[in-house]
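[1] sequence-free structure coming up:
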């Protein structure tokens, strides 16, 4: 999450490579604030399940709408089999001036 130069998220996939969850910098921050850090616990115990997603051919305006409605900062991009192919961050849309 920290290698992209800004806080973000990690996609969690199953054995077939399909997206099953997301773990965000916000999730980690909330765990720290609650003093609930346990590095032996699997990420599946703390990840967000069934995250909202978008397809690679969807419009950026659709992504902006999903981000705004869900009050989320990251949106996984998945292919037609549900496998992650990217991660759209709200900062990407702000930089492109698609959000104000």
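    Nice, I can see it. The structure presented is a predicted model; accordingly, all values stated were derived computationally and were not measured.
[2] any idea of the mean pLDDT in the longest helix along the chain?
    Under DSSP state H, the helix in the chain containing the largest number of residues is helix 60-70. In this model, helix 60-70 has a mean pLDDT of 92.
[3] do stretch 23-35 as well
    Rounded to a whole number, the mean pLDDT of stretch 23-35 is 91.
[4] how about the nearest residue to the residue minimising distance to the centre of the chain, chain neighbours excluded?
    Geometric centre of the chain, nearest residue: residue 74, 4.1 Å, by C-alpha atoms, centre = their mean. Ranked by C-beta to C-beta, 6 or more residues apart in numbering and with sequence neighbours excluded, the top spatial neighbour of residue 74 is residue 9, at 4.2 Å. (Glycine included, C-beta is placed from N, CA and C.)
[5] Report the separation between that neighbour and residue 92.
    Using C-beta to C-beta, to the nearest Å, one obtains 13 Å as the distance from residue 9 to residue 92.
[6] Residue 31 now?
    With the distance defined as C-beta to C-beta, residue 31 ends up 25 Å from residue 92.
[7] Ok, residue 22 next?
    Applying C-beta to C-beta, one obtains 16 Å for the distance of residue 22 from residue 92.
[8] Which parts of this structure are helices?
    Taking DSSP H as the criterion, the chain carries its helices at 25-33, 60-70, 90-95.
[9] Ok, which of the ones you listed comes nearest residue 18?
    Put simply, out of the helices of the chain the one that sits nearest residue 18 is helix 60-70, at 19.1 Å, with distance taken as C-beta to C-beta.
[10] For the closest one, give me every contacting residue.
    Residues from elsewhere that reach helix 60-70 (C-beta atoms under 8 Å, 6 or more residues apart in numbering): 52, 54, 72-73, 75, 88, 90, 93, 96, 98-99.
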